[in-house]
Every structure is written in C-alpha cells, then in structure tokens.
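Asks: okay, here's the prediction I keep looking at, along with the sequence it came from:
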2 protein chains.
Amino acid sequence: MAKVVAGMIGLGTVGTGVVRLLAKEKKIFLKKVAVRDINKARADDIFCSVTNDVYELINDPEIELIIEVMGSDQPAYEYLTAALEKRKHVVTANKEVLAKHGPELFALAKKKHLAIFFEASVAGGIPLISTMLKGLEANQINSVTGILNGTTNFILSSMEEHKISFASALAQAQALGFAEADPSADVEGFDVAYKLSILSALAFGHFVKPDSIYREGITKIGQKDLEIADSFGYRIKLVGTASRFSSNGNPKLDVRVQPMLIPKQHLLANISGSNNVILVNGDAVEQLAMVGPGAGQLPTASAIVGDVINLANALHLPDFAEYFQPEIESGWSTVTDEGNISRRFYMRLVVHDVPGVIGKIGTILGKNEISIQSIVQRGVKDEKANVIILTDFVRHSAVNKAAAELKGCDFLDELANLLAIFEEQ
Amino acid sequence: MAKVVAGMIGLGTVGTGVVRLLAKEKKIFLKKVAVRDINKARADDIFCSVTNDVYELINDPEIELIIEVMGSDQPAYEYLTAALEKRKHVVTANKEVLAKHGPELFALAKKKHLAIFFEASVAGGIPLISTMLKGLEANQINSVTGILNGTTNFILSSMEEHKISFASALAQAQALGFAEADPSADVEGFDVAYKLSILSALAFGHFVKPDSIYREGITKIGQKDLEIADSFGYRIKLVGTASRFSSNGNPKLDVRVQPMLIPKQHLLANISGSNNVILVNGDAVEQLAMVGPGAGQLPTASAIVGDVINLANALHLPDFAEYFQPEIESGWSTVTDEGNISRRFYMRLVVHDVPGVIGKIGTILGKNEISIQSIVQRGVKDEKANVIILTDFVRHSAVNKAAAELKGCDFLDELANLLAIFEEQ
C-alpha cells in the first residue's frame, strides 16, 4: 500500500508526541508541520519538515489529511474550513473549534465526502469517541457524565490530600505543567463545556452552544468545603453531565458543568489526579464506565495517531467517509434552564454566632419550600460559625431565591458556598 | 439503502435480546432463526421465522451475514466454517469456538474476504473488542487484566457481603439465573481462559490454546479466606490476565486465570456483583479501565447488534472486510510456564495447635528460599489453628515445592489455601 501523506498544524506538547508516535508507523508519511516559529529549538528526536505558512499544507495536493493540534477557536476554524474545501480529511484534537463550529464543520465534511476524526478532543487517551460512535451503536444514549478535566481534578485531589488552598494547589499544578499560566479555561469549566457540546452531538445528535451550557468553576471551593463534605461522606469533583429526560411528555436536555459533592463510595469520587472518568448510560448496555488519562503528551497523541491510522487504513475504500460520518444534525440543541432542574444542594453559610440563627435560616428556607435534610453548626471561631445545610430535592431557582434572601440578613457574614449534590440517576 | 439480510443461529436468552433490539433497526432484516425446537414457546414480542435446519440459513443466497449465539465449540465450529465457505459474514458471541478455533476461522475469513465481528464474545456489553481493535490502534499493548466473569464475581461478592459459603452463594446465583445448572465453565475458570485467548490474539497477534492457560477456579475459596484477606486489607477476585514481558532479552507471554488477593483500594477490588472490569495497559495510553455489565440479555445483545449495524453500514464498501480484519497471525502463542512466574502468595494452613509449629513452618519455607512478609496464627478452636503466611516475591514453583513438603508434616491438618496476591504492574 502507498503511504498516506499527512500534514500537521501545531507542534506543541501533543504535536511533538504525534511526531514521535508517527515515526513508528510505516503507512503514514508526515510531510510537513506548520508552526508559529520555525526557528524554535525542538527535541533531538523530532525529525520533520516545518513551515510557518499553514496554506503550504492546505494547498499541497499531495497531502490527503490534516492533523490539527493548534487548539483554540481562531484561526483553527479558518484553517480547518480551508482544508476541507481543498478536500483534505481532518484529524483534530481541538474541542473548542468543534464545540463552537461543529455544525458547520461536519456539514462541510459531509458535503465534500470527507471524514473528520476527533478522538483526542474529549478525554485524551480514553477512546470515548469511537466507543460512542461504534461500540455503543445499538444503544440509545440517555446520559454521559464524568470528570472530563484532568487539571481541575488534579487541583481538587491535591487540595484534599495535602490540605492546601485552591491557590496553592493551582500554583503547584502550574509548576508541574498540569495547568496553564492562564488557567481560566480549566478552572472556570469552559474546557468541560466544550467537551459536553461534542458529547451531546454524539449522544443526542446536535451540538450545544457552549455559552448555553450551565457552568460553575472550582475557584470558589475552599479547604473548609472539602473538610465538611468529607465529614458528611462526600468528595468534591468538577462534574460534567449531558442527559436527556422527559418533562410533561416533552424531551428535554440537561447539560452542565459544576463542582458537586459525590458520595465517597461512588466511582466518580475515586478518580484522583489527572485521570478522567466517563459514565455512559445507554438503554441496552445500562452503565459503562471508562477511566484513563484525560491529558498528557503520549495518551493524547495516541488518540490522534489512532485516528490517523484508522483513517489511513480506510482511505482507499470508496465512500468510506460516509461510514465514519457521525450522525450529527445541523443546528444546535436547546438546553433546559438550569433553574428548573431539581436536585439536592449543599449550602455553607458563615454566620455571626448569635442565638436563634438556625431558626431564622430554617424559616427562610421553609418559606421558599426547601426541605432540609440536615442543618448543623460547625467550628465557632471569632464569634463566627459555619452553618451547613443539606437540602432535599429542590429546584435550583428556589435555592437561588433563598440564597438571595439570606444574603440580605444581618446575621449572615458570608454565603460561602452553594453546591449541588450528585445522585445516581 | 436496501436492507441487509441476516440469519441467526440460536434463540436463547441473548438471541431473544438480539431479536428485540433488531426490531428497532430499519436497515437490517432478520430473515430466519435456526433453533433446536421450533415448537418451543417464545415471548409474545418475539416475531421471527424459525427453522430447525441451520443449513437452511447457510444455503440461503439472500442471507449476507450469520449471527451465531448458540455457544459451545461444536457444532458451532462446523456451522461457522460452512457459513464462511458460503460467503456469509459472521457476528458471533461465542468465546469458546473462537478460543479453540480462532486461527482457522480468521484464516478462512481472510481468504474469503469476509469479516468476523465478535464484540460480545468478551466482557458482554463493554465495547472492549472495538476499543482494542480501533480505539487503541496507536498503542503497543503490554497487558490486559480484569475481572472477566460476572458469575464468579457475583458469587464472591455475595460470599463477602452475606458471609455465606461458596456452595450457598452458588445456589443463590443459580436461583437468580446468574449461574448455569452446571457451573463448571464459570467457577473453574474455563470461561475466562477462552476470553484471555481472544484478548491475547488482539493484544499480541496470536490466539493462545485454552488448555495451555494456567487456570485456578474459585471452588476452593472459603468464607475463612475472605475474612482473613479482609483483615489484611484485601478482597478476593477471580482475575484473568495476559501480559508480555521480557526474560533475558526473550519475549515471553504470561496468560492465566486465578483467584487473587486484591488490595481493597484498587479498582479491581471495587467491582462487585455481575459487573466486569478490564485494565488495558498500552505504551502510549498508559492505563485504560473499562467497567460495565459483563453479561445479561440486553447488554450482550447490544454488543451483537452494534456489530451487526457496523457490519451492515460497511457492507457496501468494496474490500471493507480487510479494514475490519484484525491483525491476527496464524498459529498459536506459547505461554510461559506458570512455575517460573514470581509473585507474592497468601497461604492458609490449618495446624494442630502444638508448640513450635510456627518455627517448623518458617524452617521449611526458608529452606525453599521463600521470604516471609508476615506469618500469623488466628482463631484456635478444637486444638486447631489457622496459620496465615504472606510471602515476598517468589517463584510459584518454589511455593508449590514448600507446600508439598508442608503436606507431609505431622503438625499439618490441612493446607487450606494457596493464592496469589495482585500487584500493580
């Protein structure tokens, strides 16, 4: 078989891993890599021809597929569109460009009879995309839930293990290369929201606009919250979930990313460090869990190179792209307003330690029809105390309303945290 | 697209699930099912034409693919061979026929340019086969380890949870339909050995003859063993593993199924009931874990129907079978003699409670160059005591030799158990 000729855009950590793994593949020739700075020093084992002109790849008629590992929305969207227009297949690790422009990119690929492979865009080395596309083909997917960001999981794990603050754990993660200098994409939950948009497309047929996904980050999680959660039998994890449910006979979609209290015995609570875990619930398979490295040079590169090999092996089949085209509809899914979702909540208030406070809190919650599962006072210090409330199932909007009322009360020093509690569906 | 016409051999629990799931698939027409007894009563929702002549399917030129869910070695091997000769693609859930005749079946399929799909043959609803074939394409697999039999895991879990004997737990599993009337394929480890042969073919390129796989069952596990293991921080699980390693520069294969003591915090120790778990270790992805239902009507049927859909979608592509042909070599792999493998062991002796016994045991172990990590005496009753030994790393052959010597000693009432201890690789 003749070699399949590929070009790559980007040569950062993951791109370097791709060059290393492709060096072992006899069937693929990586002709050229587009980089920002052609004079930058590279590792000794990185042999590849470089250019700083992406269009040199896009306009090269010999190149059959473009590997894109540059990340971000623009100019990646421009490059991928141009590559598809020039009839190149695409292998991308870029969750942001897929989440923001998925409908357009897949429509263009379909029109041109080309394939877009994107195994590395979600959950790094875990072959989740191929599992959802092919392995669970006979299933209607009901929900996809998981820990989809290794950076935040590493931070929360080390806060828990070393009893340190969010800021210290973040600094440590940055020093170890697990977090970016600007960590907001990870710690504010944007990264997980992009991944949920892609998973929604696979599970439910449409992408979800990332800015319509309910999103809470982990910057507000304090050491105190972890300790209190622990004493109640929970760990705190950043959870992404996309699920469909029926409300008054109408199909609804619930897509959100938020730190949640997870019962310690649950699998989600037992994945620490930079690992990812995904639970897929399908009508026939029931529940499937996958655990593995959600990031890292070689795990992510292995997902990309797996795509490249699978694509290269199939390229000679006429109409093969149709077989690999995921069944994604054009347009976007609408997500249910988070306020209408009912779940249990954890609320931590810092109050002035005066008599009758618990009664006053209970009254406000009761007025908002929030049933309390437990309310306890912890650790009085400097005349202030933590009051921890675990609610019964209640709408998020009702809890927000009660929280606003509590903020207006004299006895309240601070509404320190309000977090959802994870329940097995 | 015209419907793809399929025939099925077998209509037991799983076959019934396949009929149910295929009823929802518009692209596939299940023309006929071969059954042993055409007059047997079926569930009301099972609409399919039946025959008791398998060759009616095999000789039907309209049928493009044969789904085989009858199980066992013969006559399944005869039927599958005949089906391939008649140019039918095959989807099979039959681990035994693949483990015993894999090389011949895949060689015949290759010769005839046909595909054999077998997702349901290992780990039921977990899409492990497609993950290993496609999802981890860029990896060299170093080991596959897991709990691959739901029946034995259910039995061990309920022995642990309800503090009951093996016999009671087996009877309960049989009453609930989790174990066969003749449970030996499960409890003696044959089922796992078949699965390991298939996983070895995917991971290392050759099937392994099932009778060359080192095999211990769980019938010997007593309530006492579970309690003692628990007190040392372990659970006991039936573990299957296939791994490659290098010995003096020579590549070796270690394939075995045996009950092992697993540290309680390890994922393998935390999978209970009829679930399966598989850990795949690859050079790029590091470790990937998959957890899900290893058996059951709909999970297994979902794997089969997933195969049927994937095959049906690809059927119109010329030469597609080549793309789906796993890279399996002809012939068989040779497995390293279990005696040469070093690991830690748990040994439980029942001894007559006379002075000096521990010293005598220690002397025999020392003479065989077995380092002892701990040796403790537990629960003296009727002048008998349990002595529990945890060894350091030692060759299995040395432990067997010491065990034979101990059996000749007057102070020994019974060598109640000898089990390997799981270590993370």
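Replies: That came through fine. Values in this document were obtained by computation on a predicted structure and should not be read as measured data.

Asks: for chain A, which segments count as helices?
Replies: Applying DSSP state H to chain A gives helices spanning A:13-22, A:54-58, A:76-85, A:95-111, A:128-130, A:150-162, A:166-175, A:184-187, A:190-204, A:223-231, A:297-314, A:320-324, A:357-367, A:396-407.

Asks: how many residues are close by residue A:178?
Replies: 22 (other C-beta atoms under 10 Å in any protein chain shown). For glycine as for every other residue, the C-beta is placed from the backbone atoms N, C-alpha and C.

Asks: okay, it and chain B: tell me how far apart.
Replies: From residue A:178 across to chain B, the span is 15 Å (C-beta to the nearest C-beta, to the nearest Å).

Asks: hmm, that residue is touching residue A:151, no?
Replies: Yes - counting by C-beta atoms under 8 Å, residue A:178 touches residue A:151, with 5.5 Å between them.

Asks: what is in contact with these two at once?
Replies: Counting by C-beta atoms under 8 Å, 6 or more residues apart in numbering or on different chains, the common neighbours of residue A:178 and residue A:151 are A:274, A:295.

Asks: what part of chain A, helix or strand, is modelled with the least confidence?
Replies: helix A:320-324 (a mean of 82; mean pLDDT, DSSP states H and E).

Asks: list the buried residues of that helix.
Replies: By neighbour count on 16 or more other C-beta atoms under 10 Å in any protein chain shown, the buried set for helix A:320-324 is A:320-321, A:323-324.

Asks: so which elements touch that helix?
Replies: helix A:297-314 (3 or more C-beta pairs under 8 Å, 6 or more residues apart in numbering or on different chains; DSSP states H and E).

Asks: could you redo the last one with a cut-off of 6 Å?
Replies: If you count contacts as 3 or more C-beta pairs under 6 Å, 6 or more residues apart in numbering or on different chains; DSSP states H and E, helix A:320-324 packs onto no helix or strand.

Asks: got the CA positions of it in CSV?
Replies: The C-alpha trace of helix A:320-324 is given here as CSV (Å, rounded to 0.1, in the frame of the first residue of the first chain):
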residue,chain,number,x,y,z
PHE,A,320,-15.7,5.3,3.3
ALA,A,321,-16.2,8.8,4.7
GLU,A,322,-19.9,8.2,4.9
TYR,A,323,-19.3,5.2,7.1
PHE,A,324,-17.3,7.4,9.5
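
Asks: chain B versus the closest residue to residue A:150 other than its chain neighbours, what's the distance?
Replies: Leaving aside its chain neighbours, residue A:150 sits nearest to residue A:274 (3.5 Å; criterion: C-beta to C-beta, 6 or more residues apart in numbering or on different chains). Distance of residue A:274 to chain B, given as C-beta to the nearest C-beta: 11 Å.

Asks: need the phi and psi values for residue A:274.
Replies: phi -90, psi 10 (degrees, to the nearest 10).

Asks: give the contact list for it.
Replies: Contacts for residue A:274 (C-beta atoms under 6 Å, 6 or more residues apart in numbering or on different chains) come out as A:150, A:154, A:178.

Asks: just put these in CSV and tack on distance to residue A:390.
Replies: Converted to CSV, these look like this (distance: C-beta to C-beta, whole Å):
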residue, distance to residue A:390
A:150, 29
A:154, 27
A:178, 32
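
Asks: would you mind listing what in chain A touches chain B?
Replies: For chain A, the contact set with chain B under C-beta under 6 Å from any C-beta of the partner chain comprises A:21, A:125, A:127, A:130-131, A:134-135, A:137-139, A:284-286, A:288-293, A:298-299, A:302, A:305-306, A:309-310, A:313-314, A:317, A:323.

Asks: leaving out sequence neighbours, find the closest residue to the closest residue to chain B within the stretch 151-300 of chain A.
Replies: Residue of the stretch 151-300 of chain A nearest chain B, by C-beta to the nearest C-beta: residue A:284 (3.3 Å). Once flanking residues are discounted, residue A:284 sits nearest to residue B:302: 3.3 Å by C-beta to C-beta, 6+ apart.

Asks: my guess is the one you found contacts residue B:125. True?
Replies: Yes - between residue B:302 and residue B:125 a contact is recorded at 5.4 Å, counting by C-beta atoms under 6 Å.

Asks: hey, what's in contact with both of those two?
Replies: With C-beta under 6 Å, 6+ apart as the test, residue B:302 and residue B:125 both reach residue A:285.

Asks: where's residue A:66 relative to residue A:82, distance?
Replies: Remark: distance between residue A:66 and residue A:82 (C-beta to C-beta, to the nearest Å) = 9 Å.
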